[in-house]
Structure formats: structure tokens, C-alpha cells
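*Asks:* Need a 3D model of the following:
(one chain, ligands or ions: 1)
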Amino acid sequence: MSITRKNSGAPAPRGAIAQRGTDSYAIVPRLPSGVITADQLEALARAIREYGIPIAKLTSGQRIALVGIKAADVPDVWASLGMGEGRAVKHGVHYVQACPGTAACGYGQQDSLGLAARLEKLFDGLDLPGKVKVGISGCPMCCGESYVRDIGLVGRKNGWTVVFGGNAGGRPRVGDELAGGLGADEALALVGRVLAHYRDNAKKCQRTARFVEARGIASVRAALGLAEPAGAD
Ligand code: SF4
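*Replies:* Here you go, the predicted model:
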């Protein structure tokens, strides 16, 4: 992906984000669900030392941003890391954050890391009207912030609940539950259907929270052939 934001009049190197007011760039290597190997940690540490990268920042999307890289060093840093690129500015699925779930948490009721890996593979590269952030939690305590992400998945004893239209930004919105008690395959299929509906009907740059506010969640449910939850107006 070539990011065309300019810095000092020069196009940003491939896979880099211009840092406003400086002659340096940031890169965001891809770390699905924030899971990282010893080899990747060593590669990151080597690159930070070798290229004098002043800031390595854990992001809210469970990635590590390397900030303050000289333009000429960007291709070499990417080559030395041997890691893919995490989306940072382009529309589409930006990141999938996931709590440890049954893999590493005693409260886990579903395998959040496993579902996150499948979801990321399925929807990586999908062109969408705006940024889509996904939060996956292995139990209703929701450490994966599922209700304030564009797409949320919450693990319960009876399966997955799919949530749509959440946002934790300046105009926060709690997402709406679309369906619950789903197996992993069913949950991923529903995520695919709601993303397709969003892609085909939202305005350019309209986040899912604003899309649901404009259309109404009842219209989204109707378009997907989903029942209204009991007690809904
Ligand atoms: S959401 Fe539940 S399973 Fe996930 S880390 Fe929190 S307590 Fe553990």
C-alpha cells in the first residue's frame, strides 16, 4: 500500500505514514490480535537499535508502531522485520483486537484468539466505506471492548453474540446486538453479511456508528433478515 500523504513535499515511502511537522515516518507492522513471537520481538528490537528509531509505541489496536524513521531507512526497516503491514489510514478492516479468551484466561467461554485469526484472514483487504475496527471478547466481561467497536463479538456459554455499530471515539456509541448463540462459522458468516450491507449502503467515510444512527438498527436487521430482539420498540 502506498500512502500518499506528503511530508516536506516528498511522497511518503511505501508502507509509511508521514509524521506531521517532521522529516520522519512511522510504520505499523501487522500483529494479528496482538500476538507476537520471540523472532518478531527480536527483529523489532534489532531494527529499533540499528536504525535509531526513537519511539516504539503499543497502539490501541494491539500493534507496535515504530515512529521517527528516516525516509531512506523505511524500506530497509521493513525488509529487516520481515512482517506484513497493518492498515493505519486506509478504509477497510484496520485491526482485530482480541482478549486472551479460553487460550489464556480463566474466565474465557469462547476462543477469542482463534476467531480473531479467522476473521482477520477472511476480511483482510476488503474495501469498505470507512475504517472498521473489530473487538473480540471471550466472555461477557468484554475486555476486547466489543460494544464500542464497529464489529464486536462476545463469547458466551451458548456461543457468540455479534454486535454492530459501536464506536469509542469523540462521539461514542454502544453497538447493537444483531444475534447471539452463534457457532464460530455462523458468527463469521453474519459479520460478512453485515459488512457487505455496510459496504453497499454507507456513504464514503461514514463509520458504522453513524451509518446505524442514520438508518436505524431496525433497518439493518431487516436487510439482513434478522429478528428484532424481544422487548424492542
Ligand atoms: S473478556 Fe473474559 S475471557 Fe476475555 S480477558 Fe476478559 S475476562 Fe478473560
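*Asks:* Show me what from this protein comes close to the ligand.
*Replies:* Applying C-beta under 6 Å from any ligand atom, one finds that the chain approaches the ligand through 99-101, 105, 107-108, 137-139, 141-144. From N, CA and C alone the C-beta is placed, and that goes for glycine too.
*Asks:* out of these, which are buried?
*Replies:* By neighbour count, with 16 or more other C-beta atoms under 10 Å, the residues of the chain next to the ligand hold C99, P100, G101, C105, G108, S137, G138, C139, C142, C143, G144 as buried.
*Asks:* Give me the below-cutoff pLDDT ranges for this structure.
*Replies:* Low-confidence segments of the chain, defined by pLDDT under 70: 1-11, 87-89, 230-233.
*Asks:* domain assignment for it?
*Replies:* Taking automatic domain parsing as the reference, the chain has its domains at 6-81, 92-224.
*Asks:* Could you state which residue of this protein sits nearest its centroid?
*Replies:* Of all residues in the chain, the one closest to the mean position by C-alpha atoms, centre = their mean is Y95, 1.9 Å from it.
*Asks:* Helices along this structure, start to end?
*Replies:* Remark: helices assigned in the chain by DSSP state H are 38-50, 74-81, 112-123, 184-201, 208-215, 217-224.
*Asks:* follow-up on the earlier one: max pairwise distance over the residues of the chain next to the ligand: which two?
*Replies:* P100 and C142 (13.1 Å; C-beta to C-beta).
*Asks:* give me every residue that touches D73.
*Replies:* D73 is in contact with Y51, counting by C-beta atoms under 8 Å, 6 or more residues apart in numbering.
*Asks:* Then the one 4 residues further on?
*Replies:* In this structure, V77 makes contact with I27, A47, Y51, I53, L66, I69, judged by C-beta under 8 Å, 6+ apart.
*Asks:* what do you get if the cut-off is 6 Å, keeping everything else the same?
*Replies:* Going by C-beta atoms under 6 Å, 6 or more residues apart in numbering, V77 touches A47, Y51, I69.
*Asks:* Quick check: closest non-adjacent residue to the second one.
*Replies:* Counting by C-beta to C-beta, 6 or more residues apart in numbering, Y51 lies nearest to D73, which is 4.8 Å off, once chain neighbours are set aside.
*Asks:* how close does the one you found get to the ligand?
*Replies:* 37 Å (C-beta to the nearest ligand atom, to the nearest Å).
*Asks:* just to revisit the earlier point, what's the closest of the helices of the chain to G169?
*Replies:* Proximity to G169 (C-beta to C-beta) singles out helix 208-215 among the helices of the chain, at 8.0 Å.
*Asks:* Enumerate the positions of the closest one that are buried.
*Replies:* Buried residues in helix 208-215 (16+ other C-beta under 10 Å): T208, A209, R210, F211, V212, R215.
*Asks:* ok so, going back, and among the domains of the chain, the most buried is which?
*Replies:* Compared across the domains of the chain, domain 92-224 shows the largest average neighbour count, a mean of 19 (mean count of other C-beta atoms under 10 Å).
*Asks:* which residues touch the residue nearest to L190 when sequence neighbours are not counted?
*Replies:* Nearest residue to L190 in three dimensions, chain neighbours excluded: V162, at 5.0 Å (C-beta to C-beta, 6+ apart). By C-beta under 6 Å, 6+ apart, the contact set of V162 is L178, A179, A187, L190.
*Asks:* Would you state the strands of the chain in chain order?
*Replies:* For the chain, the strands defined by DSSP state E occupy 6-7, 10-11, 17-18, 24-27, 55-58, 64-70, 92-98, 131-137, 151-156, 159-164, 176-182.
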